[in-house]
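>>> Structure here, sequence nowhere to be found:
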């Protein structure tokens, strides 16, 4: 079994010298325990079996040490593929993997996953970095003109990677062209009848995707904040998102309405994640594309995205007379009515105001769901 925090805490100091306990789950990675009881993460890597200290436990966490160990092993393995020249000749493929490995240390996991998806899906160059031209990089980006959002995200991913290559010393200048994109902001807001139709479809669809959609409707939170939600973050009918999880890197706390709590309490138990992946219960659900295609198949609603539910939530809050600063507190918007100097001095949590806003909103949603109930349904769930 792989090393765990509990196992590391229980490791005893040797009577003399040092002893290293290696992790069977990651070859070459382990914990070195000194005679004085100091525990240090180490990794062995490279053809000549070099060893590097990664930091002391618990100053460096087990998960952080694993990432550092993988990075060290992968970095030296890829370096051994590069000819020993004054200027390194690095293939695009090698550079891409180096960039993704390095990103794991300093970037959010979901951002790294998105970089990986975009770079592997849209950019495939069988050449070395110094052979890349602006034209070569521009072509796959231009092919995405019919999907402007994907086009912009792909451009940002390749630009970020190439800027990293310059800093890493693989390139003198980034070959990414200075492209500009004119993307029209989405303005889609679902009508009451459409929102009710989506709700009823979610009720039929069930767990997990249907319940995710219902929580998106009721809470107004981002998709990632719902699928990544953990039961350990819910206490006293409140969700307390840690700063490192949310988009703007600020702790985010919201109260939960009665209907929202009913849905959460009805979810299957077994893992800390409320919506775990089907293949790995340590990772959140990620089957959005396929699920939404099936979900929308028999739904008589014009095209919409899951993020449109958040915009609809905000619009309906305004319709109900909820003060804008309360809505922005719920949505966790940084740039809003309370920002800049005002945000520094105004530390009021607005919990009571948010509770009232959610109570009014749940009542509103119940009314429209009941009003637009399909004829084959008789009771409100």
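Received, thanks. Just so it is clear, the structure is predicted and the values come from calculations on it, not from any experiment.
>>> Angles on the backbone of residue 18, please.
The phi/psi pair for residue 18 (degrees, to the nearest 10) reads phi -140, psi 160.
>>> That one and residue 49: what is the separation?
17 Å (C-beta to C-beta, to the nearest Å). For glycine as for every other residue, the C-beta is placed from the backbone atoms N, C-alpha and C.
>>> More neighbours: which of those two?
residue 18 (14 against 8; other C-beta atoms under 10 Å).
>>> Surely that one and residue 32 touch.
Yes. Taking C-beta atoms under 8 Å as the definition, residue 18 is a contact partner of residue 32 at 5.5 Å.
>>> Remind me which helix or strand the most centrally placed residue in the chain belongs to.
By C-alpha atoms, centre = their mean, the mean C-alpha position of the chain lies nearest to residue 110, the distance being 3.3 Å. Under the criterion of DSSP states H and E, residue 110 resides in helix 109-122.
>>> And for residue 13?
Applying DSSP H and E, one finds residue 13 in no helix or strand.
>>> shaky segments in the stretch 101-250 of the chain?
The stretch 101-250 of the chain contains residues with pLDDT under 70 at 180-185.
>>> quick one: the strands in it?
Taking DSSP state E, counting those that start in this stretch as the criterion, the stretch 101-250 of the chain carries its strands at 234-235, 238-241.
>>> on contacts alone, who are the packing partners of the last one?
What it means is strand 238-241. strand 252-255 (3 or more C-beta pairs under 8 Å, 6 or more residues apart in numbering; DSSP states H and E).
>>> State the mean pLDDT of the strand it packs on.
Taken as a whole, strand 252-255 has an average pLDDT of 94.
>>> Over to stretch 268-285?
88.
>>> quick one on the thing from earlier: from residue 17, how far out is the residue nearest to the centre of the chain?
For residue 110 relative to residue 17 (C-beta to C-beta), the value is 43 Å.
>>> Next up, the contacts around residue 287.
209, 278 (C-beta atoms under 8 Å, 6 or more residues apart in numbering).
>>> likewise residue 241?
Applying C-beta under 8 Å, 6+ apart, the residues near residue 241 are 225, 233, 251-253.
>>> I'd like these written out as CSV, with neighbour count added.
Conversion of the contacts of residue 241 to CSV gives the following (neighbours: other C-beta atoms under 10 Å):
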residue, neighbour count
225, 21
233, 17
251, 12
252, 21
253, 15
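>>> of all these, which comes closest to residue 66?
Closest to residue 66 out of these is residue 233 (23.3 Å), distances taken as C-beta to C-beta.
>>> The closest one touches residue 246, doesn't it?
No. With contact defined as C-beta under 8 Å, residue 233 does not reach residue 246; the gap is 11.0 Å.
>>> hmm, back to that, just send the strands of the stretch 101-250 of the chain back as JSON lines, with distance to residue 67 too.
Formatted as JSON lines, those follow (distance: least, C-beta to C-beta, whole Å):
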{"stretch": "strand 234-235", "distance to residue 67": "28"}
{"stretch": "strand 238-241", "distance to residue 67": "22"}
